[in-house]
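In: Kindly generate the corresponding structure for this input.
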Amino acid sequence: MAKLRPYNPKQIALRKHGTLHARPKEVTDARFQEYDFFDPHDLLQVKYEMLRSVQIDGLSIAQAAKVFGFSRPAFYKAQKAFDRDGLWGLLPAQRGPRRSHKLSQAVMEFIARQREEDPSLKAQALVPLLQEEFGFCVHPRSIERAIQRAEKKTP
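Out: Reported below is the predicted structural model:
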């Protein structure tokens, strides 16, 4: 990760929002060297300028990827995301799990059956039942959230 200069609020904000460029020193494009407006730490700006340099300035994809510190596959990925979603597509994807991978539909059906038999059954009591039935351990809070999501879907 790029080193933050002490008390640089922009870099702190970029890191907070996941748009701090991990390799700003690899950005060798002249604009980023000559003008303060162009910030090699700003991942969104670097990606946009890389795409623009190919589209408007006529740089080859290989050359643009190189001077902006990316690989050619990363260029194509950014181009596809920009074409699909506009500037929003250049933002990094949310990190972490997208969904509850252990609590599949079959597991949730099992939980629903257990709760039908005993409506007072709490998430803590479901943990050993899931361990016994499916062979894995789930945190009680994960079970609570999954139950809440399932209840929201039910009209």
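In: low-confidence ranges in this structure?
Out: 1-7, 95-96, 98-99, 154-155 (pLDDT under 70).
In: I'd like the distance between the residue positioned nearest the centre of the chain and residue 17.
Out: Using Cα atoms, centre = their mean, the residue of the chain that lies closest to the mean C-alpha position is residue 94, 2.0 Å off. The gap separating residue 94 from residue 17 is 11 Å, by Cβ to Cβ, to the nearest Å. C-beta: built from backbone N, CA, C; applies to glycine.
In: what is in contact with these two at once?
Out: Common contacts of residue 94 and residue 17 (Cβ atoms under 8 Å, 6 or more residues apart in numbering): none found.
In: sorry, back to before: so what's the residue nearest to the centre of the chain up against?
Out: So residue 94 contacts nothing (Cβ under 8 Å, 6+ apart).
In: what secondary structure does it sit in?
Out: Secondary structure state of residue 94, per DSSP: H, G, I helix; E, B strand; the rest coil, is coil.
In: ok, the closest residue in space to residue 31 that isn't next to it in sequence - contacts?
Out: In this structure, residue 31 finds its nearest non-sequential neighbour in residue 38, 4.7 Å apart by Cβ to Cβ, 6 or more residues apart in numbering. Residue 38 sits next to 29, 31-32, 45, 49 when contact means Cβ under 8 Å, 6+ apart.
In: Among the residues you listed, pick out the one closest to residue 56, please.
Out: residue 49 (9.9 Å; Cβ to Cβ).
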